[in-house]
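In: What would the 3D arrangement of this be:
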Amino acid sequence: MISSHKTNNQQIIQAMKIKALLPAIFLLLSTLIGVQAQNKIEVNSKQANALIQKDAKIIVVDVRTPEEFNQGHIKGAVNIDLYKSDAISKIDKLNKNANYLVYCRTRNRSGFVVDHMMKSGFKNVYIMVDGFRGWQGSKLPVQK
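Out: Sure thing, here's the model as predicted:
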């Protein structure tokens, strides 16, 4: 009789421990799911072109200067000059749930912007790793 009483108490204590851990487990899983929901995806210019053709809603962001942009850019691209003092605030105002393709000339500026976007909670951001130079080198369409 005494041993079964101890076993029942041990089971109750074990169940209480599990119940106490459930909120912590839920919080951990929620955090992990949130991290997984953010995607920073590296693509080359040819893959970027295919992505633009496939996803009409993708927002293409060119972070070069207006002078560079006016010499040629990807059709439909939005120009946010990273060298301007308001560039980061413009980026922060973008819809964090939209899909973005970010590029610059060689990847330096776009790398900085994409890292900022990921830290700021943007969900899906593609970075064109070979930059606009790669786009031109692949003889892809350029708008002026």
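In: so Ala48 touches Tyr100, yeah?
Out: No: the criterion here is CB atoms under 8 Å, and Ala48 misses it with Tyr100 at 11.3 Å. The way it works is simple: take the backbone N, C-alpha and C, and place the C-beta from them, glycine included.
In: So for these two, which sits in the more crowded spot?
Out: A count of neighbours by other CB atoms under 10 Å puts Ala48 above the other of Ala48 and Tyr100, at 25 against 22.
In: anything in contact with each of Ala48 and Tyr100?
Out: Residues touching both Ala48 and Tyr100 by CB atoms under 8 Å, 6 or more residues apart in numbering: Tyr126.
In: And for Ile13, the neighbour number?
Out: Per other CB under 10 Å, the neighbour tally for Ile13 reads 10.
In: Is it in a helix, a strand, or coil?
Out: helix (DSSP: H, G, I helix; E, B strand; the rest coil).
In: Begin at 281, not 1, for the rest of this chat.
Out: Let's use 281 as the start, then, which means that last one is Ile293.
In: For Arg389, give me its contacts.
Out: Neighbouring residues of Arg389 by CB under 8 Å, 6+ apart: 343-344, 362.
In: And stretch 407-422, what's buried?
Out: 407-412, 414-415, 420 (16 or more other CB atoms under 10 Å).
In: swap that for stretch 400-409, please
Out: Buried residues in stretch 400-409, counted by 16+ other CB under 10 Å: 402-409.
In: how about the closest residue to Trp415 other than its chain neighbours, phi and psi?
Out: Leaving aside its chain neighbours, Trp415 sits nearest to Ser325 (4.2 Å; criterion: CB to CB, 6 or more residues apart in numbering). Main-chain torsions, Ser325, degrees, to the nearest 10: phi -60, psi -40.
In: any idea how far Ser325 lies from Thr386?
Out: For Ser325, the distance to Thr386 equals 12 Å [CB to CB, to the nearest Å].
In: so what sits against both of those two?
Out: Taking CB under 8 Å, 6+ apart as the contact rule, Ser325 and Thr386 both touch Gly411.
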